[in-house]
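S.K.: I need the structure of the sequence given here:
(chains A and B)
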Amino acid sequence: MKIRSDILRVYREVHSWVGICAGLLLFVAFFAGAISMFEQPLQNLTSPQLDMPPPVPLSKTPDLLEKVFSAYPQARQTYTILLAPDRTLPGRLAWPVHPPHGHDAGPMFVATLAPDGALVVRQQAITPVAHFIDMLHQELGIPLPHAISRPFMGIIALLYGMALISGVLLFLPTLARNLFAFRFREGPRKLWLDLHNLLGFFSLPFHIVMALTSVVFAFHDPIFAVQSRVFATSHASQHLPTHTRPHPITADQHPDARLLTPTELVTSLGTQAPGFVPTTLAYSQGHGGMMLRVSGQDSRYSMRGPTAGFATVDPRSGKILSADYLPGHQKTGFAILTVFFALHFGSFGGNAIRWGYVVLGLAGAGMFYTGNRLWIDARRRREKAAGLPHDSLPTSILARLTPGWTAGCISGTGVILLAGLLKPDLMTETVVTSAYYGVFLGCIAVFLFKPQRLRSTPQSTSQMS
Amino acid sequence: MTKLPQTLDNRHWVAKVSAAILAGGGMTFAIMAVLGRLIGANGDPRSLSAQALMWLTAVLWVLMLGTCFLFSTGRRAWAVLGGGCVAFWGLFLLLRALS
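M.R.: Now for the predicted structure:
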């Protein structure tokens, strides 16, 4: 394929500038994202064991509910029945310590019954290590206030999208010639380039999905806000075709009818959605009475969330009210959109896919590292050709920042994970944050201030700094 | 974007990128509004139409940012994308007035 040389030159400049602005941030996003593929197991591994009797059998849950409601009346508002208790929630019932607002539920109380029938309640003890790594992933490793970090991430995602478009354009003309090239002997630059192209080309679909989903994660609220302004003033909503109408989420409520017991509910779900394995039953008091959202897994299908798909269920009849996000029961349109989310989260096909995503994520991080090395080498060559005795200041800073930043991110994450495994009780939010950023900034400082070597020959730069 | 009279360079990159962000962003929103009008979207974030349009907007915006460098000058980028923005919003208002 032939592309005009001036267009290639334009896009080479775009690619290198966009890449250098976003590369290090995206490195953190991909590295922390790869680790976050196993956020739940890591959360369990790094959390202290709560001193609690084993969860009561599901059939005894009504008894437990009654005891909890009389001792903690506020639990009636929002509570979750745990069908698959784990180390972070080792009971049968959980409810928020503080009234929940937004997505983040905060700490939870967990309850079960002792063998003698006495109520046992503990506050959840979660070590914030796994969640911290997830936030590194979402905020690109820069601790900005939430209101700024989202749009900031979105801007970087847009740059990432531009880098992908320009990168593909640049690689197309030499695709056939260079795809499997691996030039060890022609100096480090060619090797970095071949590695960069190889990683970029073979994970291109993955990168396209990541760029687009991240833009959507950052900007969906403003886009929906525009939509509601643009479409709400119309009177069209009354005579919409029925299939575009939102589903009626509240059931025909009979407020006096009793709620189904968890056992009855699980049985009812099993006949309506065979193959879907429910993990939590989340009850909340809404405007139209009690609402029930069931989360669960079905590894045969894509799931909307990072670890689960969802169904809205009538808690009194057990009927599924909305299957928009229920794996395997979605309408085609919702199923297609869910695929985008599942392709970001790797939430399809079970653990094999999760491990695959760890590899893809680390390969992505590697691609950003090689991209920075290429930028540095290109600048060095140009400066050498211009007769500069040393690296210029920007080149020198970037040549030091790149290994410092990447090493800092990797070792900072390693340190907090290890500390979380060994001493989960000591790991508070402050400890985790200061440990990570201490190591991270320390690594950067070491690389920034270590004495400069003489300008090296091409052979000796091939070692990783 | 179609005809490139002289050799392309990045001298006007600020103008081109800002055109893609502002005028291009306005145009993607207008395209979303027109399409939503045609398929009878109601703007409820839970509905399929709203979500599909939201994705479309993101894709179009990224594509505009990626291709804006192909405009021969920054002025041209602003003319085409700004013109498109005005035209699509005009079309939307027309559609709304007609219904």
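
S.K.: longest single helix anywhere in chain B?
M.R.: helix B:74-98 (DSSP state H).

S.K.: now that helix, how far from the chain's geometric center?
M.R.: Centre-to-centre, helix B:74-98 and its host chain are 8 Å apart (C-alpha atoms, centre = their mean, to the nearest Å).

S.K.: Would you mark the buried spots in that helix?
M.R.: Neighbour-count burial for helix B:74-98 flags B:74, B:77-78, B:80-82, B:84-85, B:88-89, B:92, B:96 (criterion: 16 or more other C-beta atoms under 10 Å in any protein chain shown). In short, each C-beta sits where N, CA and C put it, glycine included.

S.K.: and which of the residues you listed is nearest A:H196?
M.R.: Ranked by distance to A:H196 (C-beta to C-beta), the buried residues of helix B:74-98 are led by B:A77 at 29.4 Å.

S.K.: Any figure for the gap between the closest one and chain A?
M.R.: 13 Å (C-beta to the nearest C-beta, to the nearest Å).

S.K.: Now do the same contact list for that residue.
M.R.: B:12, B:15-16, B:19-20, B:23, B:68, B:71 (C-beta atoms under 8 Å, 6 or more residues apart in numbering or on different chains).

S.K.: Same list (those) but as a markdown table, adding pLDDT and secondary structure.
M.R.: Conversion of the contacts of B:A77 to a markdown table gives the following (pLDDT from 0 to 100; DSSP: H, G, I helix; E, B strand; the rest coil):
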| residue | pLDDT | secondary structure |
| --- | --- | --- |
| B:H12 | 82 | coil |
| B:A15 | 87 | helix |
| B:K16 | 88 | helix |
| B:A19 | 90 | helix |
| B:A20 | 90 | helix |
| B:A23 | 91 | helix |
| B:C68 | 89 | helix |
| B:F71 | 86 | coil |
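
S.K.: Counting neighbours, what do you get for A:A232?
M.R.: Neighbourhood size, A:A232 [other C-beta atoms under 10 Å in any protein chain shown]: 12.

S.K.: And the helices in chain A?
M.R.: For chain A, the helices defined by DSSP H cover A:5-36, A:39-45, A:61-71, A:129-139, A:146-171, A:175-178, A:188-202, A:204-232, A:262-272, A:332-345, A:350-385, A:393-422, A:429-449.

S.K.: I'd like those written out as a markdown table, with distance to B:T7 and mean pLDDT added.
M.R.: Conversion of those to a markdown table gives the following (distance: least, C-beta to C-beta, whole Å; pLDDT from 0 to 100):
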| stretch | distance to B:T7 | mean pLDDT |
| --- | --- | --- |
| helix A:5-36 | 4 | 90 |
| helix A:39-45 | 50 | 86 |
| helix A:61-71 | 73 | 86 |
| helix A:129-139 | 41 | 90 |
| helix A:146-171 | 16 | 89 |
| helix A:175-178 | 24 | 68 |
| helix A:188-202 | 25 | 82 |
| helix A:204-232 | 29 | 88 |
| helix A:262-272 | 64 | 85 |
| helix A:332-345 | 38 | 83 |
| helix A:350-385 | 21 | 88 |
| helix A:393-422 | 27 | 90 |
| helix A:429-449 | 40 | 92 |
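
S.K.: what would those look like in JSON lines with distance to A:A94?
M.R.: Listed next are those as JSON lines, based on distance: least, C-beta to C-beta, whole Å:
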{"stretch": "helix A:5-36", "distance to A:A94": "22"}
{"stretch": "helix A:39-45", "distance to A:A94": "14"}
{"stretch": "helix A:61-71", "distance to A:A94": "10"}
{"stretch": "helix A:129-139", "distance to A:A94": "17"}
{"stretch": "helix A:146-171", "distance to A:A94": "25"}
{"stretch": "helix A:175-178", "distance to A:A94": "53"}
{"stretch": "helix A:188-202", "distance to A:A94": "42"}
{"stretch": "helix A:204-232", "distance to A:A94": "27"}
{"stretch": "helix A:262-272", "distance to A:A94": "13"}
{"stretch": "helix A:332-345", "distance to A:A94": "23"}
{"stretch": "helix A:350-385", "distance to A:A94": "25"}
{"stretch": "helix A:393-422", "distance to A:A94": "22"}
{"stretch": "helix A:429-449", "distance to A:A94": "20"}
